[in-house]
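Participant: Need a 3D model of the sequence below.
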Amino acid sequence: MIIDKEGRDGYSMEKMKKNSPETSEKKELIGCVLSCKKELWSIGFFSVIINIFMLAPSVYMLQVYDRVLSSGNKMTLIMLTVMVVWLFFSIGIIEWIRNILLIRLGAYLDTRINKRIFFSAFESFLRQSTAYSSQSLSDLTLLRQFASGNALFAFFDAPWFPIYLLIIFLLHPWLGTMALAGAIMLILLAWLNQRLTHDAMYQAGSTSAAATLQANTCLRQADTIAAMGMQEAMYRKWLTQHKAFLQQQNLASEKSALVAATTRFIRLALQSGVLGLGALLVLNGEITPGMMIAGSILSGRVLAPVDQLIAVWKSWAQAQQAWQRLSALLEQFPPSRQAMPLPPPSGNLRVDNLSVKLPGLAKYPLRDISFELQPGDVMMVTGPSGCGKSTLARLLVGAVQPFAGSVRLDGAEIHQYDPITLGPYLGFLPQDIQLFEGTVAQNIARFSDPDEEKIVTAARNAGIHKMILQLPAGYDTVLGPTGIILSGGQKQLLGLARALYNSPRLIVLDEPDASLDDEGKQSLIAAIRTQKTAGSTQIVITHTRLLLPCSNKILLLNNGQMSHSGSTQRFMQRISTPNQSAPEAAGKNPRVSNSTTTLTCPRE
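Facilitator: Here you go, the predicted structure:
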C-alpha cells in the first residue's frame, strides 16, 4: 500500500509504468517461470525423445519399400512392424508424462503467483475500479490453461522442423528445396495472421472485459433494476459493448480463418507435390521408392509445427495479452515493503491537513482536514450530501491514499501498518453494506478463525443476537445466493456486529442508522456507548441529530472543508440557545435547520 506522490494524482497505468523504478518486480512473472527451469528442461527432454521417435514412420516405410518388397523377407517385415509399434507405444507413454508435467507445472505456477495477483487486483480495484482489475484472476486462469494445454506443445516442437528439413535434403536436394519453400510460405502466413488479427484481438479483449464488468455490476443491483423496470435499458447498454466485442472478435476470426484455410491448402498441396516430385526422381533413378515415401512423410513433419502454431495463434494472442496485463498490474502494484511490526494501537487518532484530489480535475473532495481524538472519544461527522464524509471515512481506515496530509494512529502513519495485522483493530461500517456468501458467524468474524464468545459478544453489542437466533440455523445460517437474504435493517446491524467484532480500537461508522427502525437505532446508540466505555475511538458519520448526544466531539464539513470542529457539549448549548449559532469556524457559521432530526451546515 505504498505509493509515490506522483501516483496519487490519478493511477494511470501508463503513468505509473513511466514513473516506476526498474525493480525485480518488473519481471516478476518471468522470474516465476524461470524458477521452474528443472521442470521446463524435463518437458524439453521429453519433447526431444518424442520428435526423435517420430522419425519411426519414415524409417519404417523406407525399409519396407527398399528392403522388404525387394527381398520378400516376411520376418524382416514382422520385426520392423513390432519395432515401430513399440516406438508408437513409447511415444504415447512419453506424451502422457509430458502432459502430466505441464498440468502440474501450470498448477504450481498458479499457486505461486495467485496471492500476488489477488492482492494487486484488490489494490487496483480499490484505487481505480477498472475492468482490467476484475479481469486479473481470469487472466491467470487463461495463462494456466494455455501453459497446461496442447497449444504450448507447438512451441516445443517448432525447433525440430529444421532437423526434419535437413533429413529431406539428405534424401535429395530437390525434395528439400520444395519442403523449404513450403515452410517459408507457411511462416509468412503465420506472420500475416499475427499482423491481421493483433489489433482486433486486443480490442476484443478490452471490450469483453468492460462488458463483463458492466454485466456483473447489473447482476449485483438486480433488485433495483427489477423494481424500476430497467432490465431492457440495462440490456441495451450491455448489448452495445457486447456487439462491439463480437464485431472485433468476428473480424479477427474471419481473417484468421482465411489464413488457416490457405495454410491447409498449401500444406496438403506441398505434401502431394513432394510425393509427385519423388516419383519423378524415382523414375529418373535418382532415389529409391522408399526415399520417395519417406520424403513425403517427413515433409508433413516439417510443416506440422508451423501449421500447429497458426492453429493455436488465437490462444497465443490471448495468452500474450493476459501476460502483458498481469505484468503491468504486478509492476504497478509491487509487494508491500516488509516494515518492522508495530505494537497494537490504543486508538489515538491524529489527522493533519488531509486532502484528496480527483484524478485529472482541480476539485478537492476533501481539503485541509485536521483533528485529533483520544481513546474513548466519539466524534460525529455531519454535513450536506457530497461534502466528502464517506471519502473521509475511507481515508481514516486506510482504504484510500490521501493526496496530501496524513492519518496517524498512535503516532504512526496508518499505511505504515501491515493492513492484515492492523485489520482486527479497525472496525468499518460503510454506507453500502456488503455481506459475503457464508454463515452469519463467518460474516461477523470477518472469515477469520471464529471465536464463538467474541462473535456472540459482537452480536449482543449490535443488538442482533435475538434476531440471529430466530434464523433457520442461528449463527450457522448461510447468507448470500445459496442462503437466505436479509432485510436492509438486518444487514445494517449485522454489518455493525462485524465492525464491532473483537472490540476494535478505531471504529468508523458511515451512516449507521440509515436503514434502522426505532428499535435498531436504540441498539446502535447502546453499541456506541458500550464501545465508548471500552475505550474505542469512534467516528460516526450521520445526517441526523439522533446520535449527537452519544458523541463528545463534532466535525461539520461543507464543500470538502471543515466548517466547524469542537466539543459536542458546547455545540449543543449553542444550538439550544434561541437566536444563537455555533462558534465560527473557518469563517463560516454552522447552522441547525428547524428540523429536529437533521443537521446542516451552510453552503458556499
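
Participant: in what helix or strand does F88 lie?
Facilitator: Using DSSP states H and E, F88 maps to helix 74-127.

Participant: gap between whichever strand or helix holds H564 and the chain center?
Facilitator: Using DSSP H and E, H564 sits within strand 561-567. With CA atoms, centre = their mean, to the nearest Å as the basis, the distance from the averaged C-alpha position of strand 561-567 to the chain average is 40 Å.

Participant: show me what contacts P344?
Facilitator: Contacts for P344 (CB atoms under 8 Å, 6 or more residues apart in numbering) come out as Y425, R505. C-beta coordinates here come from the backbone N, C-alpha and C atoms, glycine included.

Participant: got a pLDDT number for it?
Facilitator: Per-residue confidence (pLDDT) for P344: 86.

Participant: Confirm that it sits in a helix.
Facilitator: No. Assignment of P344 by DSSP: H, G, I helix; E, B strand; the rest coil gives coil, placing it outside any helix.

Participant: Tell me the spacing between it and P424.
Facilitator: Per CB to CB, to the nearest Å, P344 is found 9 Å from P424.

Participant: other SSEs contacting the strand holding H564?
Facilitator: Judged by 3 or more CB pairs under 8 Å, 6 or more residues apart in numbering; DSSP states H and E, the packing partners of strand 561-567 are strand 366-373, strand 553-558.

Participant: circling back to that earlier point, what mean pLDDT does the helix holding F88 get?
Facilitator: Helix 74-127 comes out at a mean pLDDT of 85.

Participant: Also stretch 416-434?
Facilitator: The model assigns stretch 416-434 a mean pLDDT of 86.

Participant: cool, and stretch 395-404?
Facilitator: When pLDDT is averaged along stretch 395-404, the result is 84.

Participant: so what's the spatially closest residue to V259 that is not a sequence neighbour up against?
Facilitator: In this structure, V259 finds its nearest non-sequential neighbour in N193, 4.2 Å apart by CB to CB, 6 or more residues apart in numbering. Going by CB under 8 Å, 6+ apart, N193 touches K255, S256, V259, A260, I310, W313.

Participant: Which one of these is nearest to L268?
Facilitator: When the contacts of N193 are compared for distance to L268 (CB to CB), A260 wins out at 12.7 Å.

Participant: I'd like to know which elements the helix or strand harbouring that closest one is packed against.
Facilitator: Taking DSSP H and E as the criterion, A260 maps to helix 231-283. Packing partners of helix 231-283 (3+ CB pairs under 8 Å, 6+ apart): helix 173-220, helix 289-311, helix 313-332.

Participant: hang on, the earlier thing: report the angle between the axes of the next helix or strand after the strand holding H564 and strand 561-567?
Facilitator: Later in the chain than strand 561-567, the nearest helix or strand by DSSP H and E is helix 568-576. Interaxial angle, helix 568-576 versus strand 561-567 (axes from the mean of the first three to the mean of the last three CA atoms, to 10 degrees): 110 degrees.

Participant: Pull out the buried residues from helix 568-576.
Facilitator: By 16 or more other CB atoms under 10 Å, the buried positions in helix 568-576 come out as T568, F571, M572, R574, I575.

Participant: contacts for stretch 268-282?
Facilitator: Residues from elsewhere that reach stretch 268-282, judged by CB under 8 Å, 6+ apart: 168, 172, 174-175, 178-179, 181-182, 287-289, 291-293, 295-296, 299-300, 303.

Participant: Go again with 10 Å.
Facilitator: Here stretch 268-282 makes contact (CB atoms under 10 Å, 6 or more residues apart in numbering) with 65, 168, 171-172, 174-179, 181-183, 185-186, 266, 286-300, 302-303.

Participant: For PyMOL, what selects the buried ones among the residues you listed?
Facilitator: Of the contacts of stretch 268-282, the buried ones can be selected in PyMOL as follows, counting by 16+ other CB under 10 Å:
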select buried, resi 65+168+171+172+174+175+176+178+179+182+183+185+186+266+287+288+289+290+291+292+293+294+295+296+297+298+299+300+302+303
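
Participant: so what does the helix holding F88 touch, helix or strand wise?
Facilitator: Under the contact criterion of 3 or more CB pairs under 10 Å, 6 or more residues apart in numbering; DSSP states H and E, helix 74-127 touches helix 28-34, helix 37-53, helix 56-63, helix 131-147, helix 153-157, helix 313-332, helix 419-422.

Participant: what about T537, how many residues close to it?
Facilitator: 25 (other CB atoms under 10 Å).

Participant: Assign the nearest residue to it once chain neighbours are set aside to helix, strand or coil.
Facilitator: Nearest residue to T537, sequence neighbours excluded (CB to CB, 6+ apart): G347, at 3.8 Å. Three-state call for G347 (three-state DSSP): coil.

Participant: dump the residue contacts of G347.
Facilitator: Contacts of G347 by CB under 10 Å, 6+ apart are 373-377, 409-410, 425, 504-507, 534-538.

Participant: before we move on, back to that, could you dump the helices and strands packed on helix 74-127 to CSV with distance to C550?
Facilitator: Putting those into CSV (distance: least, CB to CB, whole Å) gives the following:
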stretch, distance to C550
helix 28-34, 48
helix 37-53, 61
helix 56-63, 85
helix 131-147, 38
helix 153-157, 66
helix 313-332, 42
helix 419-422, 25
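
Participant: Reformat these into a markdown table and put mean neighbour count and distance to I464 next to each item.
Facilitator: Formatted as a markdown table, the helices and strands packed on helix 74-127 follow (neighbours: other CB atoms under 10 Å; distance: least, CB to CB, whole Å):
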| stretch | mean neighbour count | distance to I464 |
| --- | --- | --- |
| helix 28-34 | 15 | 44 |
| helix 37-53 | 15 | 52 |
| helix 56-63 | 20 | 73 |
| helix 131-147 | 19 | 32 |
| helix 153-157 | 18 | 57 |
| helix 313-332 | 19 | 39 |
| helix 419-422 | 14 | 26 |
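
Participant: Show me the one of the ones you listed that comes nearest T391.
Facilitator: helix 419-422 (18.6 Å).

Participant: Pairing partners for the helix or strand that that closest one is followed by, with directions?
Facilitator: Sequence order places strand 426-429 as the next helix or strand after helix 419-422, per DSSP H and E. Strands that pair with strand 426-429, judged by DSSP bridges, come out as strand 506-510 (parallel).

Participant: Next up, identify which helix or strand L546 is on.
Facilitator: Assigning secondary structure by DSSP H and E places L546 outside every helix and strand.

Participant: nope, Q538 is what I was after
Facilitator: Assessed by DSSP H and E, Q538 sits inside strand 537-541.

Participant: just the CA coordinates of that strand, formatted as PDB?
Facilitator: Output of strand 537-541 as PDB, limited to C-alpha atoms (Å, rounded to 0.1, in the frame of the first residue of the first chain):
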ATOM      1  CA  THR A 537     -12.100   5.700  19.300                       C
ATOM      2  CA  GLN A 538     -15.200   6.200  17.200                       C
ATOM      3  CA  ILE A 539     -16.100   8.400  14.200                       C
ATOM      4  CA  VAL A 540     -19.800   8.300  13.400                       C
ATOM      5  CA  ILE A 541     -21.000   9.900  10.100                       C
END
